[in-house]
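Asks: Give me a 3D structure for the following:
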Amino acid sequence: MPQTKHLRHLKPVNLEGGLILRTAVTDDQVRSTVNLLGRIFGPTAGDLIRAMIDGYPGYRREGVYIVEDPSRDAEHRVVSTLALTDRPWVFGGVVVPVAILEAVATDPDYRERGLSATLYRVFETEARRAGYTVSSVSGIPRFYEKLGYTYAIPSGPSISFATGELAKTLESSRLKRVGDPGTGPGYSVREVALADVPDILDLYERRTQSLDIYGLWTREAIEHQVRELTPVSRRSRYVVERLGVGEPAVKASFSFLSSDGMASVADLVASEYEAVLEALRWAAEEAARHDRHRIWVDVPPGTPEHDVARMLGPREERQYGWQVRFLDRAGFLSLIRPVLERRLADSLYHGLTHDLSIDLYESCLTLKWEEGQLVEAREDPGLTVAGRSQTKMPEHALVKSVFGYRNLERLMDEYPDVSVPRFLRPLLDVLFPQLKAMVDIPIG
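Replies: Numbers count the residues shown, from 1 in each chain. Prediction:
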């Protein structure tokens, strides 16, 4: 289990209008926070947060920041909140602690007072103090840009199917099912059990072998989901078993949600092509049974499961995404030093000695290389690099480059303020190539 960063409980801070900013320390404060989230996002969201606080790895009371109005009753005293949760990502084999911004809500009667902005400043200060080099939020594209976040990793439903059409397409695949005549394995779908957690982890590890960046699933996180989150969530988790000679074997795992006129499949991981089809066939049958005419499939692009689903003729959907903000640019690049050194060693630039300076327009980021080793990554605030022979790249472009969302050629086409001299472009392509990324966290 990766070691999480240490957060502290805040001392109460008095705000205008008699409001108080603090962390959710007491059970009453937690209940009032959950009550607020339930009123804003629905009862299920509140129940999920209740089940996560004090139990889900990386979700702790000292990371739940609140604004209270002491004049209100205990159940409604929290009027604004957001949370800092610890979610490790794996970047090229290096585990990177990420400060995730989530559970952001403000009571409608207290909006337009800057409470969320005040809480976010606390979030960023505490994240930096704890040693996080990067933070992220999954939400509406561009909404968090004003806070300095940049869309860098796709997430959310990427494809959808008309339920009836998907069922017909899958029927033609002639999958073997329980009770089918003939030889060969059949498949069965059932609800997940705690005993399935090792198999789910194995499936996930198989899938991430082809990825450059991914969210780290742990046994503790999945066990907590199965034991605590699934019972209070509208989304249930299932496994696909292959039946045949010997004991049934888990070949896929996924979660399914049917509510509010829609159905969706998420967290789909599989080790067999047929198991992906069986999961989708079962989901189509369930969607039809609940009169859901469309199924959204949240499968990250570039994964084998996504490739299988796309061959069935879906409609492409607009995606949400993980938006990323550097809290310490030089610190993050130092953290992934083994990745950068490995890329350099595998290229024509092995053994490089060079100071690579990137003008960020408000500061200068320098990577000092000596004989192929990154000996220093530093940022000099207020310093810019003179001369046309220097690399210039604003913050939003740097995020997309480092996280491999865009290659250098695409960035230079999209952003006129990205400027890289020709002799340095091959080096930047080596250090920051386009990457395959998938960050899906098993929650709810």
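
Asks: Which secondary structure state does Val122 sit in?
Replies: helix (DSSP: H, G, I helix; E, B strand; the rest coil).

Asks: correct me, but it touches Leu21?
Replies: Yes - if you go by Cβ atoms under 8 Å, Val122 and Leu21 touch, sitting 6.9 Å apart. Yep, even glycine has a C-beta here, placed from its N, CA and C like the rest.

Asks: This protein: helices as residue ranges?
Replies: 27-41, 43-52, 115-130, 163-171, 197-208, 219-224, 230-232, 273-289, 304-310, 329-335, 337-345, 395-402, 408-414, 425-431 (DSSP state H).

Asks: Distance to Thr366 added to these, as a markdown table?
Replies: Formatted as a markdown table, these follow (distance: least, Cβ to Cβ, whole Å):
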| stretch | distance to Thr366 |
| --- | --- |
| helix 27-41 | 43 |
| helix 43-52 | 40 |
| helix 115-130 | 21 |
| helix 163-171 | 52 |
| helix 197-208 | 32 |
| helix 219-224 | 37 |
| helix 230-232 | 48 |
| helix 273-289 | 46 |
| helix 304-310 | 38 |
| helix 329-335 | 8 |
| helix 337-345 | 13 |
| helix 395-402 | 13 |
| helix 408-414 | 18 |
| helix 425-431 | 13 |
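
Asks: Same list, these, but as a markdown table with mean neighbour count and distance to Ser259 please.
Replies: Formatted as a markdown table, the helices of the chain follow (neighbours: other Cβ atoms under 10 Å; distance: least, Cβ to Cβ, whole Å):
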| stretch | mean neighbour count | distance to Ser259 |
| --- | --- | --- |
| helix 27-41 | 19 | 13 |
| helix 43-52 | 21 | 9 |
| helix 115-130 | 18 | 27 |
| helix 163-171 | 17 | 15 |
| helix 197-208 | 18 | 23 |
| helix 219-224 | 18 | 22 |
| helix 230-232 | 15 | 14 |
| helix 273-289 | 22 | 11 |
| helix 304-310 | 19 | 21 |
| helix 329-335 | 19 | 38 |
| helix 337-345 | 16 | 41 |
| helix 395-402 | 21 | 34 |
| helix 408-414 | 15 | 38 |
| helix 425-431 | 18 | 45 |
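
Asks: Could you tell me the least trusted of those?
Replies: When the helices of the chain are compared on mean pLDDT, helix 230-232 scores lowest, with a mean of 68.

Asks: about what we covered before: what is in contact with Val122 and Leu21 at once?
Replies: Both Val122 and Leu21 are contacted by Leu10, Tyr65, under the criterion Cβ atoms under 8 Å, 6 or more residues apart in numbering.

Asks: shaky segments in the stretch 1-150 of the chain?
Replies: Applying pLDDT under 70 to the stretch 1-150 of the chain flags the ranges 1-4, 140-142.

Asks: Count the residues that sit near Ala252.
Replies: 27 (other Cβ atoms under 10 Å).

Asks: switch to numbering from 53
Replies: Right, with 53 as the first residue, what we last looked at is Ala304.

Asks: Show the contacting residues for the residue lying closest to Ala76 once chain neighbours are set aside.
Replies: What sits nearest to Ala76 in space, not counting adjacent residues and going by Cβ to Cβ, 6 or more residues apart in numbering, is Val116, at 4.1 Å. The contact partners of Val116, by Cβ under 8 Å, 6+ apart, come to Thr75, Ala76, Val82, Thr85, Ile105, Thr133, Ala135, Ala155.

Asks: closest one to Cys416 among the helices of the chain?
Replies: helix 381-387 (10.5 Å; Cβ to Cβ).

Asks: Next, work out how far apart the residue lying closest to Arg344 once chain neighbours are set aside and Arg112 are.
Replies: Leaving aside its chain neighbours, Arg344 sits nearest to Ala315 (4.0 Å; criterion: Cβ to Cβ, 6+ apart). Using Cβ to Cβ, to the nearest Å, Ala315 is found at 33 Å from Arg112.

Asks: who's more crowded, these two?
Replies: Ala315 (26 against 22).

Asks: what ranges do the strands span in the stretch 103-252 of the chain?
Replies: 116-120, 130-138, 141-143, 146-148, 151-158, 186-191, 202-207, 211-214, 238-243 (DSSP state E, counting those that start in this stretch).

Asks: Using CSV, please lay out those strands together with distance to Trp374.
Replies: Formatted as CSV, the strands of the stretch 103-252 of the chain follow (distance: least, Cβ to Cβ, whole Å):
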stretch, distance to Trp374
strand 116-120, 21
strand 130-138, 14
strand 141-143, 9
strand 146-148, 13
strand 151-158, 9
strand 186-191, 5
strand 202-207, 4
strand 211-214, 18
strand 238-243, 29
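
Asks: And stretch 475-490, end to end?
Replies: 32 Å (Cα to Cα, to the nearest Å).
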